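Enquirer: what's the 3D shape of this:
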Amino acid sequence: MKQTINIKYILITALAVLLSFFFHELAHLLTGKLLGYPMKMTLNSAFLAEGEYTSVWHEYLVSAAGPIFTILTAFMFFYVIRNTKNTYWYPFLFFAFSFRLMAMIVSIFNPNDEARISQWLGLGQWILPLIVCFTLFFLVIKTSKEQGYSLKFNLINYILTSVFIAGVVLSDQYFLK
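Expert: Numbering: from 1, shown residues only. Next up, the predicted model:
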């Protein structure tokens, strides 16, 4: 399929961002609930409704659930794109990379999921976020080469996902709490 940015592609990108945020946070929420904690969720966060985690490993298991889900779905979409050659699945893969890259950047100021887990494992703040980002970047590059996606197409995807990520984060911060 030709790499075309049209209204359908833009809407699919918006849907990819919304669904990916939702399911990433849902993974955190469900893990917390399965461990017996009262949890709440917004589109950009899942958190304890009250109290504290009874063990440190519960806290980090809940933190790990979202990124694990995001990484697994990225691999799934990598194989879906490889098998179907359908460009409309690409925003789901590309978003996973953009999402975790932005989470890593935010960790400069406030350690995000992978950064907290990396510190907890004694790896320093940056090892795990870098491994995740490089892995997802590899999937994006490999898919781009296999499907013939240009640098321009990827830059447009980056702009689109960045705008939609900002929209989710800002709406969550100002309107949903």
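Enquirer: switch to C-alpha atoms for all contacts and neighbour counts from now on
Expert: Will do.
Enquirer: neighbours around Ile156, how many?
Expert: The burial count assigned to Ile156 is 13, neighbours taken as other CA atoms under 10 Å.
Enquirer: quickly find the element holding it.
Expert: helix 151-174 (DSSP states H and E).
Enquirer: now do the buried residues in that helix.
Expert: Asn154, Asn157, Tyr158, Leu160, Thr161, Ser162, Phe164, Ile165, Val168, Val169 (16 or more other CA atoms under 10 Å).
Enquirer: touching, Pro67 and Ala115? I think so.
Expert: No - between Pro67 and Ala115 there is no contact under CA atoms under 8 Å: 11.0 Å.
Enquirer: Phe97: what's it in contact with?
Expert: Neighbouring residues of Phe97 by CA atoms under 8 Å, 6 or more residues apart in numbering: Cys133, Leu136, Phe137, Val140.
Enquirer: against Val169, how distant is the third one?
Expert: So that's Phe137. Going from Phe137 to Val169 by CA to CA, to the nearest Å gives 22 Å.
Enquirer: same check, this time on Gln125
Expert: 23 Å.
Enquirer: adding secondary structure and neighbour count, write the contacts of Phe97 out as CSV.
Expert: As requested, the contacts of Phe97 are exported to CSV (DSSP: H, G, I helix; E, B strand; the rest coil; neighbours: other CA atoms under 10 Å):
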residue, secondary structure, neighbour count
Cys133, helix, 21
Leu136, helix, 25
Phe137, helix, 19
Val140, helix, 22
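Enquirer: between those, which is closest to Gln173?
Expert: Nearest to Gln173 among these is Cys133, at 24.7 Å by CA to CA.
Enquirer: isn't that closest one right next to Leu101, touching?
Expert: Yes - counting by CA under 8 Å, Cys133 does reach Leu101; the two are 5.8 Å apart.
Enquirer: give me the buried stretch members for stretch 115-125, please.
Expert: Using 16+ other CA under 10 Å as the test for burial, stretch 115-125 gives Ala115, Arg116, Ile117, Ser118, Gln125.
Enquirer: on contacts alone, who are the packing partners of the host helix or strand of Phe23?
Expert: Here Phe23 sits within helix 7-34, counting by DSSP H and E. For helix 7-34, the packing partners by 3 or more CA pairs under 8 Å, 6 or more residues apart in numbering; DSSP states H and E come out as strand 39-42, strand 45-48, helix 56-84, helix 90-106, helix 151-174.
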